[in-house]
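Participant: Provide a 3D model corresponding to the input given below.
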Amino acid sequence: MESLTLSPAGGAIAEPARPARTRIADDAAMLRAAADLTRELHAPNPRIYWTDFLASVVLGYGALAAAIALASPALAIAAGVVAMLALYRAESFIHEVSHMKHSSLPGFRLAWNALIGIPLLVPSFMYEGVHNLHHARTRYGTVEDPEYLPLALMKPWTLPAFVVASLFAPIALIFRFAVLAPLSVVIPALRRAVVARYSGLAINPAFERRPPEGPARTLWHRLELVTSLWAMALVVMLASGVIPLRAFLIFLGIVSAVAVVNQVRTLVAHLWENDGEPMTVTAQYLDSVNVPPPALMPVLWAPVGLRYHALHHLIPSVPYHALGEAHRRLKAVLDAESPYHRANYAGLPGLVVKIIRSTLVRGR
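Facilitator: The predicted structure follows:
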């Protein structure tokens, strides 16, 4: 992407365009306040984690069963919506799993994988070891960030394509675990490709994952084995009639809807205005989005603390249930001129309109 400027001689010369956001200096007062005011908020509350997660799981699978069993289309659709929202909330705990010290919540990662990660074909190794790169100080917004694309600077058609592609995520995951994983055991070249290109929940097509090492390697292989067995069992049970086609399509539709809602949330989680330059922490914060109260709908489309995504980039080790308190403290202390307030937005519609307008004006 280039912009034209005038040389002293009056001729046009090409110069890389750099959004002003990449040149923002760090705001020391905001960073200091974020650290000082949240010191005692870093400990996760096991009761909140387990109650929230297990309630979401029970509600999600219960509503899924109802959607399959109900004869009334209207009631089945209503149950499907409830199942989608509850399973989406339960699945969103993968974000917490990727950040938490597992000794502080013994057994939580295992439970999450057993109840959500494996059944929905998104085991935690697909996110652990990937998401932390998004928080690396020198990687955010660059080509080395697996979770970043300059969507606001791209063509308008990339936005609907970005969302529509997520519809096919469940099918792609079944193929990855039921077909590619077992084949890659006997085809080394395929294994390298599977590890590098098909083992991370990333949106950056240039990202290639490195093979895991140490304990992460052991966990990866165990989770991949069990998930592959589950994916192959699904295919066999569907082909043999053990799972009725209607039930499978309802399950697939609900899981696809979860992927689409999450993709829409991803679309507005950042402003996506960086073109690859390293950014300061404050610039990263301002390129991210909070949707705090009084907005109510983010409880559904940005659950488990994701409504405070910008704040999370300031204090990534604070658990989701403490982010609301952290936000209230910072909002009360920092003056009106603080950049902290500029990352807070009213809701989803305005954010969608903002990125659409950006692609229409600046899309390359």
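Participant: ranges for the helices of the stretch 151-300 of the chain?
Facilitator: In the stretch 151-300 of the chain, the helices defined using DSSP state H, counting those that start in this stretch lie at 158-164, 169-175, 181-186, 188-197, 214-240, 245-267, 281-286, 298-301.
Participant: what about those helices, which gets the closest to residue 330?
Facilitator: helix 281-286 (11.1 Å; C-beta to C-beta). Heads up, the C-betas are built off the backbone N, CA and C, glycines and all.
Participant: quick one: the closest one to chain centroid distance?
Facilitator: 18 Å (C-alpha atoms, centre = their mean, to the nearest Å).
Participant: So which other helices or strands are in contact with that helix?
Facilitator: Using 3 or more C-beta pairs under 8 Å, 6 or more residues apart in numbering; DSSP states H and E, the elements in contact with helix 281-286 are helix 28-36, helix 309-314.
Participant: Buried deepest among these, which one?
Facilitator: helix 309-314 (a mean of 24; mean count of other C-beta atoms under 10 Å).
Participant: same question for it, mean pLDDT?
Facilitator: Across helix 309-314, the average pLDDT comes to 97.
Participant: what sits against the spatially most central residue of the chain?
Facilitator: Central residue of the chain (C-alpha atoms, centre = their mean): residue 266, 6.0 Å from the mean position. Residues near residue 266 by C-beta atoms under 8 Å, 6 or more residues apart in numbering: residue 203.
Participant: any idea how far it is from residue 148?
Facilitator: To residue 148, residue 266 is 10 Å away according to C-beta to C-beta, to the nearest Å.
Participant: Okay, helices next: where are they in the stretch 1-150 of the chain?
Facilitator: 28-36, 46-69, 73-99, 108-112, 131-134.
Participant: Put together TSV for these, with distance to residue 228 and mean pLDDT on each row.
Facilitator: Shown next, in TSV, are the helices of the stretch 1-150 of the chain (distance: least, C-beta to C-beta, whole Å; pLDDT from 0 to 100):
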stretch	distance to residue 228	mean pLDDT
helix 28-36	42	97
helix 46-69	22	98
helix 73-99	19	98
helix 108-112	18	98
helix 131-134	22	94
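Participant: Select, out of these, the one closest to residue 330.
Facilitator: helix 28-36 (5.9 Å).
Participant: Against which helices or strands is the closest one packed?
Facilitator: helix 281-286, helix 309-314, helix 323-333.
Participant: Next SSE downstream of the longest one?
Facilitator: This means helix 323-333. helix 348-362 (DSSP states H and E).
Participant: for that following helix, which positions count as buried?
Facilitator: By neighbour count on 16 or more other C-beta atoms under 10 Å, the buried set for helix 348-362 is 348, 351, 355, 356, 358, 359, 362.
Participant: what's the offset of it from the middle of its chain?
Facilitator: For helix 348-362, the gap between its own C-alpha mean and the chain's C-alpha mean amounts to 20 Å (C-alpha atoms, centre = their mean).
Participant: Would you mind writing the CA trace of that helix as CSV?
Facilitator: Coordinates of each C-alpha in helix 348-362 appear next as CSV, following Å, rounded to 0.1, in the frame of the first residue of the first chain:
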residue,chain,number,x,y,z
LEU,A,348,-21.7,-3.6,17.5
PRO,A,349,-23.6,-1.7,14.8
GLY,A,350,-21.4,1.4,15.1
LEU,A,351,-18.2,-0.6,15.0
VAL,A,352,-19.4,-2.5,11.9
VAL,A,353,-20.3,0.7,10.1
LYS,A,354,-16.9,2.2,11.1
ILE,A,355,-14.9,-0.6,9.5
ILE,A,356,-17.1,-0.7,6.4
ARG,A,357,-16.5,3.1,5.9
SER,A,358,-12.8,2.6,6.4
THR,A,359,-12.6,0.0,3.6
LEU,A,360,-14.6,2.2,1.3
VAL,A,361,-12.3,5.2,1.9
ARG,A,362,-8.9,3.5,2.4
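Participant: Now do residue 310 against residue 339, distance only.
Facilitator: Taking C-beta to C-beta, one finds residue 310 at 10 Å from residue 339.
Participant: Identify the contacts common to the two.
Facilitator: Contact criterion C-beta under 8 Å, 6+ apart; residues shared by residue 310 and residue 339: 285, 286.
Participant: rewinding a little: quick one, which of the helices of the stretch 151-300 of the chain is nearest to residue 114?
Facilitator: helix 214-240 (8.9 Å).
Participant: angle of that closest one against helix 245-267?
Facilitator: Counting by axes from the mean of the first three to the mean of the last three C-alpha atoms, to 10 degrees, helix 214-240 lies at 140 degrees to helix 245-267.
Participant: ok now helix 214-240, how far from the chain's centre?
Facilitator: Per C-alpha atoms, centre = their mean, the centroid offset for helix 214-240 relative to its chain is 22 Å.
Participant: got the buried residues for that helix?
Facilitator: 219-220, 223-224, 226-228, 230-232, 234-235, 238.
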